[in-house]
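> Give me the fold of what follows.
(one chain, ligands or ions: 1)
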Amino acid sequence: MQSSSKTPTGLHVAAIMDGNGRWATARGLPRTAGHRAGVEAIRRVAEAAPDLGVGALTLFAFSADNWRRPPAEVAGLMSLLRRYLRHETGRLARTGTRLTVIGRRDRLPRGLPDALARAEAETAGGERLHLRIAVDYSARDAILAAAAAGIPASREAFGRSLSGGVPDVDLLIRSGGEKRLSDFLLWECAYAELHFSDRMWPDFGPEDLAAALRDFSGRERRFGGLVPAAA
Ligand code: FPP
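Model (predicted):
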């Protein structure tokens with residue numbers, strides 16, 4: 001196990017992986033089959049991301065509100081996460097990918113918090129890509145928890161406490177045709193560029209990530225200031 005890790009350079013891209021259920025339903029498959037295909041998409045996108053200039057990739061796998069879904073779907077998602085950790089941790093470590101998980105852990109099924117901690121420890125030395133998976137995550141709850149912990153109310157200190165030092169999101173992608181934020185990284189996306197794709201997440205691939213990044217590179221980021229030429 002490697003013990004040190006530094007923040008990778010590169011863009012911070014976040015993705016709301018929407019459309020798994022519709023992808024499956026359109027094929028006459030159970031929704032869980034869509035989530036399974038969604039994991040394949042995660043693998044493809046995470047492998048391609050560093051070469052496209054992405055240093056941190058934060059993916060929304062399970063929201064704090066997803067507990068409202070049918071128990072069988074929730075159980076299916078938790079078991080996919082368990083399988084992902086079991087099968088992918090070695091490959092993540094070998095490819096320089098540091099895996100961390102954001103969100104609550106105290107409501108996860110027995111054994112899963114320990115499995116998450118083990119995967120985080122085994123991949124801690126990864127410097128090529130920081131892959132963050134959001135599980136039982138709510139941005140509003142995360143902000144409330146940081147406030148309740150008495151974090152100093154400066155933007156910088158508060159932001160650091162939310163993100164563990166990962167820079168703010170540069171580009172937020174949502175697949176599946178919907179256009180909303182769904183309580184994802186609300187603080188960290190203060191100046192994120194937004195990219196909405198009609199592609200269902202299981203069909204999302206490196207070429208879609210590349211297209212989103214091309215779109216991003218054409219944006220003019222002013223952070224509330226003026227266009228440099230007009231300043
Ligand atoms: C939204 O699509 C997607 C989710 C709620 C789960 C996303 C999870 C994965 C991609 C796989 C699990 C992740 C890991 C890391 C093992 P939806 O089901 O709401 O789709 P719909 O809008 O078409 O119904």
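
> For the protein, which residues are neighbours of the ligand?
By the rule CB under 6 Å from any ligand atom, the part of the chain lying against the ligand is 17-22, 35, 38-39, 42, 61, 66, 77, 80-81, 84, 133, 176, 201. C-beta here means a position set from N, CA and C on the backbone, and glycine is covered the same way.

> Would you mind listing which of those residues are buried?
17-22, 35, 38-39, 42, 61, 66, 77, 80-81, 84, 133, 176, 201 (16 or more other CB atoms under 10 Å).

> Now for the closest residue in space to residue 213 that isn't next to it in sequence, how many residues are close by?
Excluding its sequence neighbours, the residue lying closest to residue 213 (CB to CB, 6 or more residues apart in numbering) is residue 52, at 5.6 Å. If you count neighbours by other CB atoms under 10 Å, residue 52 ends up with 16.

> before we move on, the earlier item: now, which of the residues of the chain next to the ligand lie within strands?
Judged by DSSP state E, those include 61, 133 as members of strands.

> So which of the residues of the chain next to the ligand sit within helices?
Under the assignment DSSP state H, these contribute 20-22, 35, 38-39, 42, 77, 80-81, 84 to helices.

> Look at the residue positioned nearest the centre of the chain and give its secondary structure.
Nearest to the geometric centre of the chain sits residue 59, at 1.7 Å (CA atoms, centre = their mean). What DSSP: H, G, I helix; E, B strand; the rest coil gives for residue 59 is strand.

> residues touching it, list them.
Going by CB atoms under 8 Å, 6 or more residues apart in numbering, residue 59 touches 14-15, 17, 42, 131-134.

> so which of the residues you listed comes closest to residue 93?
When the contacts of residue 59 are compared for distance to residue 93 (CB to CB), residue 131 wins out at 11.4 Å.

> quick one: what helix or strand has that closest one in it?
Using DSSP states H and E, residue 131 sits in strand 129-137.

> what's downstream of that strand, the next helix or strand?
The helix or strand immediately downstream of strand 129-137 is helix 139-148, counting by DSSP H and E.

> Identify the residues contacting that next one?
By CB under 8 Å, 6+ apart, the residues outside helix 139-148 that reach it are 64, 102-104, 158, 161-162, 183-188.

> what do you get if the cut-off is 6 Å, keeping everything else the same?
Residues from elsewhere that reach helix 139-148, judged by CB atoms under 6 Å, 6 or more residues apart in numbering: 64, 161-162, 183-187.

> Which parts of this structure are strands?
Listed in chain order, the strands of the chain (DSSP E) span 11-16, 54-63, 97-102, 129-137, 171-174, 193-196.

> can I get the ones you listed in JSON lines with mean pLDDT?
Formatted as JSON lines, the strands of the chain follow (pLDDT from 0 to 100):
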{"stretch": "strand 11-16", "mean pLDDT": "98"}
{"stretch": "strand 54-63", "mean pLDDT": "98"}
{"stretch": "strand 97-102", "mean pLDDT": "98"}
{"stretch": "strand 129-137", "mean pLDDT": "98"}
{"stretch": "strand 171-174", "mean pLDDT": "98"}
{"stretch": "strand 193-196", "mean pLDDT": "98"}
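
> Report the beta-bridge partners for the nearest residue to residue 103 once chain neighbours are set aside.
Leaving aside its sequence neighbours, residue 103 sits nearest to residue 137 (CB to CB, 6+ apart; 3.4 Å). Beta bridges link residue 137 to residue 63, judged by DSSP bridges.

> Thanks a lot, see you next time.
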